[in-house]
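Participant: what follows is a predicted protein model with its sequence.
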Amino acid sequence: MATKNQECPISEDLLAAVRSFPVERDVEHCGIPFKVSPFEFYAVCPHCGTRIKLRSFSGVPEMEDLFDAVFEWLSDPQARRFADQRRQAIEDDRDDDEE
């Protein structure tokens, strides 16, 4: 269970991986390439209808698990409100940098 202001080492590599995380996952089945959300556990082949497993259920954490934890945290309305405020501040900073 997380504690208030819990210390957890965050590497620059992890931050870079999050920033560059793809918005789509390329999948191929039956020789047909298609795209799905990077967070899907399964996809359905548009050609044959086969359900394809995309994410593992092993004890080894994946990058998607980090996002899932953040999404779970964002299910709290107050957290979502603060996240929206921070996203807006980041967008405002980007706009200022472009000028």
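Facilitator: Received the coordinates, thanks.
Participant: what about the residue nearest to Ala79 when sequence neighbours are not counted, how many neighbours?
Facilitator: In this structure, Ala79 finds its nearest non-sequential neighbour in Trp73, 5.4 Å apart by C-beta to C-beta, 6 or more residues apart in numbering. Where C-beta positions appear, they are placed from N, C-alpha and C, glycine not excepted. Trp73 has 12 neighbouring residues, counting by other C-beta atoms under 10 Å.
Participant: same question for Glu64.
Facilitator: Considering only other C-beta under 10 Å, Glu64 is surrounded by 19 other residues.
Participant: what's in contact with the host helix or strand of it?
Facilitator: Applying DSSP states H and E as the criterion places Glu64 in helix 63-73. For helix 63-73, contacts defined as C-beta atoms under 8 Å, 6 or more residues apart in numbering pick out 14, 17-18, 21, 38-39, 55, 79.
Participant: for that helix, buried residues please.
Facilitator: Glu64 (16 or more other C-beta atoms under 10 Å).
Participant: so which elements touch the next helix or strand after that helix?
Facilitator: Sequence order places helix 77-98 as the next helix or strand after helix 63-73, per DSSP H and E. Taking 3 or more C-beta pairs under 8 Å, 6 or more residues apart in numbering; DSSP states H and E as contact, there are no helices or strands that helix 77-98 lies on.
Participant: how does it look with 10 Å?
Facilitator: helix 63-73 (3 or more C-beta pairs under 10 Å, 6 or more residues apart in numbering; DSSP states H and E).
Participant: next, the angle from the helix it packs on to helix 77-98.
Facilitator: 120 degrees (axes from the mean of the first three to the mean of the last three C-alpha atoms, to 10 degrees).
Participant: my read is that His47 contacts Val27, right?
Facilitator: No - in this structure His47 lies outside contact range of Val27 using C-beta atoms under 10 Å: 11.4 Å.
Participant: these two: who's more crowded?
Facilitator: Neighbours per residue, other C-beta under 10 Å: of His47 and Val27, the larger number sits with Val27, 17 against 11.
Participant: got a quick PyMOL command for the buried subset of the contacts of helix 63-73?
Facilitator: In PyMOL syntax, the buried subset of those is picked out as below (16+ other C-beta under 10 Å):
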select buried, resi 38
